[in-house]
Every structure is written in C-alpha cells, then in structure tokens.
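Engineer: sequence and predicted model, in that order:
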Amino acid sequence: MEAKIYNQKGDVTGEINLPAKVFAAEWRSDLVHQVVQSMRSNKRAGTANTKDRGEVRGGGKKPWKQKGTGQARHGSTRSPIWVGGGITHGPLAEKNYKRKVSKKMRAQALFSVLSKKLKDEEILFVETLSVPFIKTKDAVKTMQNLERASGWKTVLNTKKPRVLTALFERNEKTEKSFRNIPQLEIVFLKNLNPFDVLNYKYLLIENPVESVKFLESRGK
C-alpha cells in the first residue's frame, strides 16, 4: 500500500509504503467505541459534589406543629422536597470515573481509525511543515496549496476546526504560525489518539517516513 507525499507547494515529491497493520486494519467499531468512551471518562474531573439533608445547614427547628394546621406534617425545612434542602442521590466527589485501557487496545483503535481515514481519502502526508519566520500568512499559503492538491473541501472556508495537524517534533516557528489558523489543531504525533482523530474531518501528517515508523512501533 502506497500513498503520495506532498511538499508545501502542493506538488507530489514521492511515495511512501504504508504498513498494512496501521493503515489497512479492520474497522472495529466496538473497540473504537470502548477506547474513546474510556478516554472521555478519564477526562472527567469528578469534582461535582452535593449535600444530603444531613449535611446542609439549618433545618433544626420543626417548621410548624405536627397537627392542627391543616398542612402536611414536616420535621425539617432541609428535607429534599424543600427549596434549600438536601439533594437526593446527587453526584458525590468520591466517585471515580477512571477507566483502564491497555496500550495495545489504544494502538489497535488508533490503527482502525487511521485505516478508515485513509480509505476515505482524509489523510494527507506532507514532507515538512516549516516556515522561515513566525508568520501566519505563510502558513495559510501552505494550507491553500495542500487544500488544492488534496481536493479537500471546506477546509479554509469555515470557522470550525477541520484539520488535525500532527507534527513529528517540536518546531516553535511552525507551531506559532499554524496555530493561528482557526481551522487547524496542532498536536504532536506521539500524542495522536483515536479520540482526537475522530473529532476532525481531515488528518495532516508531517514527516511521513519517521511518523509511520513511530506509529508502527506503537503496535508492538
């Protein structure tokens, strides 16, 4: 399996041989769902906390006498049916939302998502994303060239983030130039995960030779 490699001008400069286990994996919706839901759950802070009727302040005095008023009997104004009362079965801070996901499961889920993206022609390999100066105008020009070469639609014509750009290594000039484009989200390849890839329509991978080698090593 081969894919084209583009330069920043949008010209084809070569091809790369893609490993089948990374870019031709079977679509596993059950595995992808499990991993993504686990990642979303692990992002939860778990800080929501409510007080029951024994923890709220006040309510020590009986609001009215037991009989003779014609009203329902109440023993405290901090009952859950009163405004300002305790909460019944509310969230508690001690709840743990963490879910364990093995590295192999995360890798297989990522490979499944990458394979589907490649099949749908939503992955583009570019040999480098570098600019001589920190200048968003140059970054926009690069994206226009790549958009024209790839045939991707509605990338720069929308305000919504559409392209996940995976950089192989840190580059301050590239990061600061491309991050000002609202349609792009910058990540590092070592942090690539199925949750982020699914959140964006397209995936742009820089330095494909080294990037593909790293991705392949994650499945070992």
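Structural biologist: Received, thanks.
Engineer: surely Gly86 and Gly54 touch.
Structural biologist: Yes. Judged on C-beta atoms under 8 Å, Gly86 makes contact with Gly54 at a distance of 7.0 Å. The way it works is simple: take the backbone N, C-alpha and C, and place the C-beta from them, glycine included.
Engineer: more neighbours: which of these two?
Structural biologist: Shown here are Gly86 and Gly54; by other C-beta atoms under 10 Å, Gly86 has more neighbours (19 against 8).
Engineer: so what's the more buried one closest to, chain neighbours aside?
Structural biologist: In space, and not counting its chain neighbours, Gly86 is closest to Arg53: 3.2 Å by C-beta to C-beta, 6 or more residues apart in numbering.
Engineer: do the same with Gly60
Structural biologist: Among residues not flanking Gly60 along the chain, Ser76 sits closest, at 7.5 Å (C-beta to C-beta, 6+ apart).
Engineer: quick one: secondary structure of that neighbour?
Structural biologist: Three-state call for Ser76 (DSSP: H, G, I helix; E, B strand; the rest coil): coil.
Engineer: mind pulling up the pLDDT for the residue in the chain sticking out farthest from the centre?
Structural biologist: No residue in the chain sits farther from the centre than Gly68, which is 61.3 Å out by C-alpha atoms, centre = their mean. Per-residue pLDDT puts Gly68 at 94.
Engineer: what's the spacing between it and Thr77?
Structural biologist: Per C-beta to C-beta, to the nearest Å, Gly68 is found 19 Å from Thr77.
Engineer: and Ile186, by the same measure?
Structural biologist: Ile186 is 54 Å from Thr77, where distance means C-beta to C-beta.
Engineer: over to Lys190?
Structural biologist: Counting by C-beta to C-beta, the separation of Lys190 from Thr77 is 56 Å.
Engineer: more neighbours, those two?
Structural biologist: Thr77 (17 against 13).
Engineer: please name the residues that touch the more buried one.
Structural biologist: Contacts for Thr77 (C-beta atoms under 8 Å, 6 or more residues apart in numbering) come out as Gly58, Gly59, Pro63, Gly84, Gly85.
Engineer: tell me how far the third one lies from Met143.
Structural biologist: Right, the one you point to is Pro63. According to C-beta to C-beta, Pro63 and Met143 sit 66 Å apart.
Engineer: neighbour count winner among those two?
Structural biologist: Neighbours were counted for Pro63 and for Met143 using other C-beta under 10 Å; Met143 has more, 23 against 14.
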